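S.K.: build me a structure from this.
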Amino acid sequence: MGFLFNRNEAQPRIVQVKAKHVNSLKFTVAAVLIVVMVLMTAIIRLSTQTEQQRHENSRLQSQIATLQGEIDKTEQNALLETAQKDGQRSKAVSYLADIQSKLKRINEYMSKRGLRNISFRKLNIDEKPKSETKLYADFNNYLDRLVTTIAYTPMGYPRLSSFTSFFGSRGNPFDFGGSEFHPGIDFSGHKGDPVKCTASGRVIFAGRAGGYGNCVKIRHNNNIETWYGHLSKINVKEGQRVDVGQLIGKVGSTGRSTGPHLHYEIRKNGQPVNPKQYLSLNL
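M.R.: Prediction:
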């Protein structure tokens, strides 16, 4: 039995196989291209997002820097404001301290004159001032003037003792039954007892003065003078500056006197005035 080969039948099969390979290659290439395109799109998108993120970070950093600058400025302003308030408070505290010091000096003047101290409300310098420092400065200046006025105004007693004779008309101890004008106040005492001036001022006379005996005359502010007569000893010199409460002499019985005592006289504009009105402080 024989086999017969037909050449015309084998050729179409080969052509069909080749066509299948070509189609498969095209599909593979297309798939690769699609994958490449997807990857490129993803890369481009990722790159774009990264750039946007970088810009956003830069913007945020700029905002943070701006906010930090504003915070620093606010803190600086707060510090400056606090420093200014502290400076004003320091000034106020300084004024209050000066005020308390002057009030203490006023009471020292009172004590030297034999007067009772003035009761002042104690200021607490630790408290925050309730008003502007100018008010404290004005009050401080007022107290300066007050201290000066008190220091140079005769007040109080040249010596602490009882009175033996007052200002005005009195019986003449050297002319029984007669009367005379007494221009001052007499204080009792013993020879050698201290005599102190009742105000700061300048000694305009220190020596013998007729019926006054050994006498000291001191000039103060506002044309006021104080005279101290019948002294046994004079402790100051003419032209000397004296402070309130300073020892100027000692009790005696020189001049027109019946015994040891102090004659105290106050003159204003050259005329004798009643010393009684100067024995206490009336503000």
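S.K.: make it CA atoms for all contacts and neighbour counts henceforth
M.R.: Will do.
S.K.: the helices in the stretch 151-283 of the chain, which residues?
M.R.: In order along the chain, the stretch 151-283 of the chain carries no helices (DSSP state H, counting those that start in this stretch).
S.K.: my read: Ser188 touches Thr164, true?
M.R.: Yes - contact criterion CA atoms under 8 Å: Ser188 and Thr164 qualify, at 6.0 Å.
S.K.: compare these two and say which one has the larger neighbour count.
M.R.: More crowded of Ser188 and Thr164, by other CA atoms under 10 Å: Ser188, with 18 against 13.
S.K.: hey, what's that one bridged with?
M.R.: On the basis of DSSP bridges, Ser188 is bridged to His261.
S.K.: roughly how far apart are it and Cys215?
M.R.: For Ser188, the distance to Cys215 (CA to CA, to the nearest Å) stands at 17 Å.
S.K.: cool, Leu39 as well?
M.R.: Applying CA to CA to Leu39 and Cys215 gives a distance of 124 Å.
S.K.: of the two, who's got more company?
M.R.: Neighbour count, other CA under 10 Å: between Leu39 and Cys215, Cys215 has more, with 25 against 12.
S.K.: which one is that one nearest to, not counting chain neighbours?
M.R.: Gly229 (4.5 Å; CA to CA, 6 or more residues apart in numbering).
S.K.: quick check, the one you found in contact with Ser257.
M.R.: No - under the criterion of CA under 8 Å, Gly229 makes no contact with Ser257, lying 9.7 Å away.
S.K.: who has more neighbours, the two?
M.R.: Gly229 (32 against 18).
S.K.: now do that one, the pLDDT please.
M.R.: Gly229 is assigned 96 on the pLDDT scale.
S.K.: any low-confidence regions in the stretch 151-283 of the chain?
M.R.: 172-177, 281-283 (pLDDT under 70).
S.K.: just the strands in it please.
M.R.: Taking DSSP state E, counting those that start in this stretch to define them, one finds strands in the stretch 151-283 of the chain at 163-165, 168-171, 179-182, 185-188, 194-196, 201-208, 214-219, 224-231, 233-234, 241-242, 247-250, 261-268, 271-273.
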